[in-house]
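J.: Any chance you could fold what I've pasted below:
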Amino acid sequence: MLTSTELPAPARSALTTTVAKEYVHRAALSDVFLTGCTPDEPDAFTIDAQWPRCHGFYVCDRGLYDPMLLCETIRQTLPLLTHTAYGVPIGHQLSWSRLRYAVNPHAMRVERTPAELQLHVNCTNITYRRGLPVTLSMHYEVTRGESLLAVASTVFHCHTPAVYQRLRAGRAGTREFWGLPEPTPGLPPGRCGRDRPDDVVLSPTPDADRWRLRVDTAHPVLFDHPVDHVPGMLLLEAARQAAHASAPDGGAWWPASMNVTFRRYVEFTSPCWITAEPVPPQAEGRDKGLRVTAAQDEAPVFEARVAVAHIP
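T.: Residues are numbered from 1 along each chain as shown. Just a heads-up that it's a prediction; the model follows:
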């Protein structure tokens with residue numbers, strides 16, 4: 001029997017690592033899920049990813065991976081491809097406008113080893129300015145072994161520092177990030193499908209299906225580096241937690257699909273209000289459909305149609 005000191009070294013070709021954290025706009029290496037990228041043809045790529053069996057924030061529920069882990073993995077592909085395949089310099093800003101995904105629950109099961117994924121990405125509707133892309137659409141087929149794990153699409157935009165300064169109208173920078181007050185009290189964690197109070201992103205209001213967005217800039221995953229507006233992943237998490245909180249039985253509701261529109265930046269300087277209302281399911285076999293909206297200063301900033309399945 002081999003001891004730990006006698007284990008053979010893996011072949012050099014078998015060694016893997018994550019992509020550079022700067023290419024996916026993360027500060028923590030532990031939250032980089034992409035491991036490689038191969039161009040297949042012009043504007044088509046295969047991106048490798050690995051999901052850990054256990055994550056401190058993207059928590060597995062009843063043996064299934066968190067669909068928000070899929071969203072974060074997709075988000076990481078946006079800067080990776082713009083920087084490495086399309087020559088966008090580090091320091092340019094990216095903004096989401098659309099995101100849609102649908103997952104296959106059978107392929108989301110947590111197994112005895114980390115999940116090895118491939119994201120087959122096609123980039124379309126690319127608009128260039130001075131040789132750099134300013135708008136891209138991406139279409140994904142995500143596979144796990146022989147199984148189709150998810151399909152997804154997204155539309156996003158790239159901004160030079162000068163353009164971003166104009167878009168933000170003086171709000172670019174992290175001054176407000178560092179000066180925020182303590183976050184508002186959150187819902188009970190179990191009410192929104194969470195175990196830890198620090199992971200709750202909804203604060204209660206007198207209305208049953210309306211909450212205040214809880215912004216905790218000390219959260220190590222949602223805010224792993226200073227930013228000048230509320231991140232899109234926080235809004236997606238709010239939509240998922242709203243699905244839990246609006247369930248009449250407080251059951252385990254799993255966001256099997258979302259169709260999301262990001263309308264405006266969500267600022268730190270005024271409350272953002274989250275509302276959920278039932279809608280007909282988007283696909284057969286889903287147990288519940290929701291429309292989750294966010295508004296700030298009486299203007300709509302975010303909308304998500306969520307189809308959720310109940311996890312037995």
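J.: looking at this structure, which helix or strand does the model trust least?
T.: One helix or strand of the chain scores below all others by mean pLDDT, DSSP states H and E: helix 175-178, with a mean of 80.
J.: elements contacting that helix?
T.: When contacts are defined as 3 or more CB pairs under 8 Å, 6 or more residues apart in numbering; DSSP states H and E, helix 175-178 sits against none of the other helices and strands. Backbone N, C-alpha and C define where each C-beta goes, glycine included.
J.: How far does it sit from its chain's centre?
T.: Centroid separation between helix 175-178 and its chain, computed with CA atoms, centre = their mean, to the nearest Å, is 23 Å.
J.: Just the C-alphas of it, formatted as CSV.
T.: What follows is helix 175-178 as a C-alpha-only set of coordinates in CSV (Å, rounded to 0.1, in the frame of the first residue of the first chain):
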residue,chain,number,x,y,z
ARG,A,175,-16.1,56.3,-1.6
GLU,A,176,-19.8,55.4,-0.9
PHE,A,177,-18.8,51.7,-0.6
TRP,A,178,-16.6,52.5,2.4
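J.: residues touching residue 233, list them.
T.: Neighbour list for residue 233: 68, 71-72, 75, 222 [criterion: CB atoms under 8 Å, 6 or more residues apart in numbering].
J.: try 10 Å this time
T.: For residue 233, the set of contacting residues under the criterion of CB atoms under 10 Å, 6 or more residues apart in numbering consists of 57, 68, 71-72, 75, 96, 221-223.
J.: Where does it sit: helix, strand or coil?
T.: Taking DSSP: H, G, I helix; E, B strand; the rest coil as the rule, one finds residue 233 in the helix state.
J.: can you check residue 276 too?
T.: Under three-state DSSP, residue 276 falls in the strand class.
J.: Which pair in the contacts of residue 233 has the greatest spatial separation?
T.: Every pair in these was compared (CB to CB); the two farthest apart turn out to be 57 and 96, at 19.4 Å.
J.: Tell me how many other residues crowd residue 82.
T.: Residue 82 is surrounded by 21 other residues when neighbours are defined as other CB atoms under 10 Å.
J.: Go ahead and confirm it touches residue 23.
T.: Yes: with contact defined as CB atoms under 10 Å, residue 82 reaches residue 23; the gap is 9.1 Å.
J.: Tell me which residues of the helix ranked longest in the chain come out buried.
T.: Secondary structure of the chain read by DSSP state H shows that its longest helix is helix 67-84. Neighbour counts over helix 67-84 (16 or more other CB atoms under 10 Å) mark 67-83 as buried.
J.: by contact count, what packs against that helix?
T.: Helices and strands in packing contact with helix 67-84 are listed as strand 34-41, strand 44-51, strand 93-103, strand 115-129, strand 132-144, strand 147-159, helix 232-245, strand 253-262; criterion 3 or more CB pairs under 10 Å, 6 or more residues apart in numbering; DSSP states H and E.
J.: CSV for these, including distance to residue 213?
T.: Supplementary listing: those in CSV, determined by distance: least, CB to CB, whole Å:
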stretch, distance to residue 213
strand 34-41, 28
strand 44-51, 27
strand 93-103, 17
strand 115-129, 29
strand 132-144, 27
strand 147-159, 22
helix 232-245, 6
strand 253-262, 14
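J.: With mean pLDDT as added columns, please give those in a markdown table.
T.: Converted to a markdown table, those look like this (pLDDT from 0 to 100):
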| stretch | mean pLDDT |
| --- | --- |
| strand 34-41 | 95 |
| strand 44-51 | 97 |
| strand 93-103 | 96 |
| strand 115-129 | 97 |
| strand 132-144 | 97 |
| strand 147-159 | 97 |
| helix 232-245 | 95 |
| strand 253-262 | 92 |
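J.: I'd like to know which of the ones you listed is closest to residue 176.
T.: With CB to CB as the measure, helix 232-245 is the member of the helices and strands packed on helix 67-84 nearest residue 176 (15.2 Å).
J.: check contacts around residue 118.
T.: By CB under 10 Å, 6+ apart, the residues touching residue 118 are 36, 38, 46-49, 141-145, 149.
J.: swap that for residue 23, sorry
T.: When the contact criterion is CB under 10 Å, 6+ apart, the partners of residue 23 are 32, 34, 37, 76-77, 79-84, 90.
J.: rerun at 7 Å
T.: Residues near residue 23 by CB atoms under 7 Å, 6 or more residues apart in numbering: 79-80, 83-84.
J.: buried ones in stretch 179-196?
T.: For stretch 179-196, the neighbour count (16+ other CB under 10 Å) marks 183, 186-187, 191-194 as buried.
J.: Same check on stretch 46-62?
T.: Buried residues in stretch 46-62, counted by 16+ other CB under 10 Å: 47-52, 55, 57-61.
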